[in-house]
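1. here is a sequence together with a model predicted from it:
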Amino acid sequence: MLNSTDLKNGVVFMYYGTPYRVLQYEHIKMARGGAVIKVKCVDLISSSIKEISLGNNEKVEEADVENRNMQYLYSDFEKLYFMDPVSYAGEEIPISRASNEKKYLVEGKEFQVTFFNGRPLGVILLPSMFYKVTEAEPAIRGNTSSSASKHVVVENGLSVEVPQFIKEGDVIKVNTESGNYTGRGY
């Protein structure tokens, strides 16, 4: 069992028989009353987002989920296809369960896939990832304002707004929560 104060970002718990992953945790202290824990979480079965309020000492069941490294192969209009690099077993995830994550996936790279009762439920992304720039316009000479930026396309087709000095072939770091450029890569 998990105490409600243990429900930090990324923790998976059961609530009325359904597994949820915490997206945002908030501890609210009332003046004379007890504290309230509010968690914004995603239902791992239906992909809906829900806000749940719990008492300070309330207990919830820890979900029996497994995270496995899987190689992303490709996608079609309905599903994402992954392969276990050890057993070579294939798994499919409906795009509806990973619509936001899909735009950050790169064919051939490994990602963590969450399994519940043997079924793949979704993809876990790192907070930021590195991508190689495949298309970039040249910098505009004379545009030296501090906020000068341009759009580039990275290896998986994602369009990112970056500073003027980024060129084709560079590796950039992208925040997977916001989709923003956060720095140069290695």
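-> Okay, I see it.
2. all contacts plus neighbour counts: C-alpha atoms, from now on.
-> Noted.
3. domain parsing for this structure?
-> What automatic domain parsing lists as the domains of the chain is 2-62, 65-124, 128-184.
4. paired strands for the helix or strand encompassing residue 130, with orientation please.
-> Here residue 130 sits within strand 128-136, counting by DSSP states H and E. According to DSSP bridges, strand 128-136 forms sheet pairs with strand 149-154 (antiparallel), strand 171-175 (antiparallel).
5. about what we covered before: make JSON lines from the domains of the chain and add mean neighbour count and mean pLDDT to it.
-> Putting the domains of the chain into JSON lines (neighbours: other CA atoms under 10 Å; pLDDT from 0 to 100) gives the following:
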{"stretch": "domain 2-62", "mean neighbour count": "16", "mean pLDDT": "84"}
{"stretch": "domain 65-124", "mean neighbour count": "17", "mean pLDDT": "88"}
{"stretch": "domain 128-184", "mean neighbour count": "16", "mean pLDDT": "84"}
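6. so for the chain, the centremost residue is which one?
-> For the chain, residue 125 is the residue whose C-alpha lies nearest the centre (CA atoms, centre = their mean; 3.9 Å).
7. ok, now which ones touch that one?
-> 101, 111, 112, 176 (CA atoms under 8 Å, 6 or more residues apart in numbering).
8. show me where this structure has helices.
-> For the chain, applying DSSP state H gives helices covering 99-102.
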